[in-house]
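K.L.:
Sequence first, then the predicted structure:
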2 protein chains.
Amino acid sequence: MSSEGSAGTLRRRTKPPTSSSNRTSSRLSREDWINAAKTMLVESGIDGVKVDLLAKRMNVTRGSFYWHFEDRDALLDALLHLWEASNTEPMLAAIKAAGARGDREDFDATVGRLWIDETEFDPAFDSAIRDWARTDPDVAEAVHRIDDIRVAAFAEMFKSYGFTGDEAEVRGRIIYYHQVGYYTLGIRESSAERKRLGALYDKVLLY
Amino acid sequence: MSSEGSAGTLRRRTKPPTSSSNRTSSRLSREDWINAAKTMLVESGIDGVKVDLLAKRMNVTRGSFYWHFEDRDALLDALLHLWEASNTEPMLAAIKAAGARGDREDFDATVGRLWIDETEFDPAFDSAIRDWARTDPDVAEAVHRIDDIRVAAFAEMFKSYGFTGDEAEVRGRIIYYHQVGYYTLGIRESSAERKRLGALYDKVLLY
DNA sequence: CGATTTCCATACACTGCTGTATGGTCATTG
DNA sequence: CAATGACCATACAGCAGTGTATGGAAATCG
């Protein structure tokens, strides 16, 4: 990613199991390392993802890491791919569902829910990746690509709500940019506060 | 900031000139180092701000740095204080001016201008500080404090536009969060595009 | 103009982190 | 049950970055 991390072409002696996420086993899988790296990325930023600290946290030595990955860049590569694969499909599905019947009453139950319970969509992961993108052009390209897709989905939703092309586009941007900013700032309002003002948010953003 | 950077109590042998930003002189001032660090923060993030790289860029050795600053944390401290001092007053003034006559026609000429010409307000600096805040609690506290002040100012503006207390608060958040997200994502739209959709943005956000 | 202060260079010690080489220990399979 | 492969420990080399000690040159002041 930073120097020569191009694609997922890792040469190793043999092939380790690419699936089978057995976290409880004493032996670690490639996915275990990636998941630990994700946690560390969220906590400390991309420069905080260091293999020796990861190994210490997982109670193994770095020898394990360098069997599963060619080098540190390969891990970062895998992290970015994990984000692309996991953190966009659920959101698109929800937006599509919200616009399906063209009824704005569905919005909170489909899209809004994503940012509340945080089970399908992980805003902290999103935010951490976005930080990373600020200083890494390759990551920035990927994030931009995903952002465009998400905004387009919101624009489609607003079209099904009856807005014109241009206004649907603008409203798509506003609701998405607002959501990104909301989490970039870090939410601190109580759930009572959010519930009290929820209707007003919908009024401004949706109508 | 990270370990023991508490306040601005630096002990040095004597007192160097705290102002007089003579960048053209062959001798460097404390402010020169801070400004260079700011550039580096925007380019590479807080972990990219390293004293040896800074010295190399300024064509001096690290010996100079350790005369002006006690350690690296002192520089980061100064960076945060620079941001608080420089990147909030102009914005508050503009928002206040926008709400002064209670006329929404003034908005683009006062507040909107800030994000366009980027002379008084520096969005890239803002964005870089916000990244830093994600992984540093002390910085997060400072950013939260400033954000609250800015949102409150926007809410006041909307009150002068005739909105009720709650709706003014919500609209203040929306327009500010949206702006933060806008720059967090990284703007790519052409100025023609922005001009074409400008009226629609105002319609949704201001009316 | 001599003396003090300001600013920077040089050299050194030290730590954190990466990557590599190699051997050991389980588990699995023929 | 011997052999192979999967997974990890150990040890080493090396670089990047911080901080410190000290001396030297340039500016400034009495």
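P.N.:
Yes, it's here.
K.L.:
Which helix runs longest in chain A?
P.N.:
Among the elements of type helix in chain A, defined by DSSP state H, the one spanning the most residues is helix A:137-160.
K.L.:
how about whatever helix or strand comes next after it as CSV, C-alpha atoms only?
P.N.:
Scanning the chain past helix A:137-160 towards its C-terminal end, the next helix or strand to appear is helix A:165-185 (assignment: DSSP states H and E). As requested, the backbone C-alpha atoms of helix A:165-185 are provided in CSV (Å, rounded to 0.1, in the frame of the first residue of the first chain):
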residue,chain,number,x,y,z
GLY,A,165,-32.7,14.5,-11.2
ASP,A,166,-30.7,17.4,-10.0
GLU,A,167,-32.4,17.7,-6.6
ALA,A,168,-32.2,14.0,-6.1
GLU,A,169,-28.5,14.2,-6.6
VAL,A,170,-28.1,17.1,-4.3
ARG,A,171,-30.2,15.5,-1.6
GLY,A,172,-28.3,12.3,-2.0
ARG,A,173,-25.0,14.1,-1.4
ILE,A,174,-26.4,16.1,1.6
ILE,A,175,-27.7,13.1,3.4
TYR,A,176,-24.6,11.1,2.8
TYR,A,177,-22.1,13.8,3.5
HIS,A,178,-24.0,14.7,6.6
GLN,A,179,-23.8,11.1,7.8
VAL,A,180,-20.1,10.9,7.2
GLY,A,181,-19.5,14.2,9.0
TYR,A,182,-21.7,13.0,11.9
TYR,A,183,-19.4,10.1,12.5
THR,A,184,-16.2,11.9,11.7
LEU,A,185,-17.0,14.4,14.5
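K.L.:
Check which residues of helix A:165-185 are buried.
P.N.:
A:167-185 (16 or more other Cβ atoms under 10 Å in any protein chain shown). Where C-beta positions appear, they are placed from N, C-alpha and C, glycine not excepted.
K.L.:
Can you name every helix or strand that it contacts?
P.N.:
helix A:113-117, helix A:123-135, helix A:137-160, helix A:191-206, helix B:137-160, helix B:165-185, helix B:191-206 (3 or more Cβ pairs under 8 Å, 6 or more residues apart in numbering or on different chains; DSSP states H and E).
K.L.:
Identify the spatial nearest neighbour of A:Val60, chain neighbours not counted.
P.N.:
Residue nearest to A:Val60 in three dimensions, not counting chain neighbours: A:Leu28, with 6.5 Å by Cβ to Cβ, 6 or more residues apart in numbering or on different chains.
K.L.:
The one you found and DNA strand D, how far apart?
P.N.:
4 Å (Cβ to the nearest atom of the strand, to the nearest Å).
K.L.:
quick one: contacts for the residue lying closest to A:Asp147 once chain neighbours are set aside?
P.N.:
In space, and not counting its chain neighbours, A:Asp147 is closest to B:Leu185: 5.5 Å by Cβ to Cβ, 6+ apart. With contacts defined as Cβ atoms under 8 Å, 6 or more residues apart in numbering or on different chains, B:Leu185 is in contact with A:130, A:143-144, A:147, A:177, A:180.
K.L.:
domain parsing for chain A?
P.N.:
Following the assignment in automatic domain parsing, chain A carries domains at A:30-80, A:87-206.
K.L.:
Compile the ones you listed into a markdown table and extend it with columns for mean pLDDT and distance to B:Glu43.
P.N.:
As requested, the domains of chain A are arranged in a markdown table below (pLDDT from 0 to 100; distance: least, Cβ to Cβ, whole Å):
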| stretch | mean pLDDT | distance to B:Glu43 |
| --- | --- | --- |
| domain A:30-80 | 97 | 14 |
| domain A:87-206 | 94 | 7 |
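K.L.:
Assign a three-state SS to A:Ala94, would you?
P.N.:
The three-state label for A:Ala94, taken from DSSP: H, G, I helix; E, B strand; the rest coil, comes out as helix.
K.L.:
contacting residues for it?
P.N.:
A:Ala94 sits in contact with A:110-111, A:113-114, A:120-121, where contact means Cβ under 8 Å, 6+ apart.
K.L.:
Okay, it and A:Ala124: tell me how far apart.
P.N.:
18 Å (Cβ to Cβ, to the nearest Å).
K.L.:
which residue packs closest to the spatially most central residue of chain A, ignoring adjacent ones?
P.N.:
Chain A has A:Asp126 as the residue nearest its centroid, 3.5 Å off, counting by Cα atoms, centre = their mean. Spatial nearest neighbour of A:Asp126, excluding adjacent residues (Cβ to Cβ, 6+ apart): A:Asn87 at 5.9 Å.
K.L.:
Residues of chain A that sit close to DNA strand C?
P.N.:
Where proximity means Cβ under 7 Å from any atom of the strand, the interface of chain A facing DNA strand C comprises A:50-53, A:62-63, A:66, A:71-73.
K.L.:
For A:Asn206, grab the count of nearby residues.
P.N.:
Actually, residue A:206 is Leu. It isn't Asn. By other Cβ atoms under 10 Å in any protein chain shown, 16 other residues sit near A:Leu206.
K.L.:
can you pull the contacts of it?
P.N.:
With contacts defined as Cβ under 8 Å, 6+ apart, A:Leu206 is in contact with A:104, A:107, A:161, A:175.
K.L.:
Dump the contacts of A:Ala94 into a markdown table; add neighbour count as well.
P.N.:
A markdown table is the format used below for the contacts of A:Ala94 (neighbours: other Cβ atoms under 10 Å in any protein chain shown):
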| residue | neighbour count |
| --- | --- |
| A:Thr110 | 17 |
| A:Val111 | 23 |
| A:Arg113 | 16 |
| A:Leu114 | 19 |
| A:Glu120 | 14 |
| A:Phe121 | 20 |
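K.L.:
now, which of the residues you listed sits nearest B:Ala192?
P.N.:
The shortest separation between B:Ala192 and any of the contacts of A:Ala94 is 30.6 Å, and it belongs to A:Val111 (by Cβ to Cβ).
K.L.:
helix/strand/coil for the closest one?
P.N.:
Per three-state DSSP, the local secondary structure of A:Val111 is helix.
K.L.:
For A:Asp122, what are phi and psi?
P.N.:
With angles defined as degrees, to the nearest 10, A:Asp122 sits at phi -120, psi 100.
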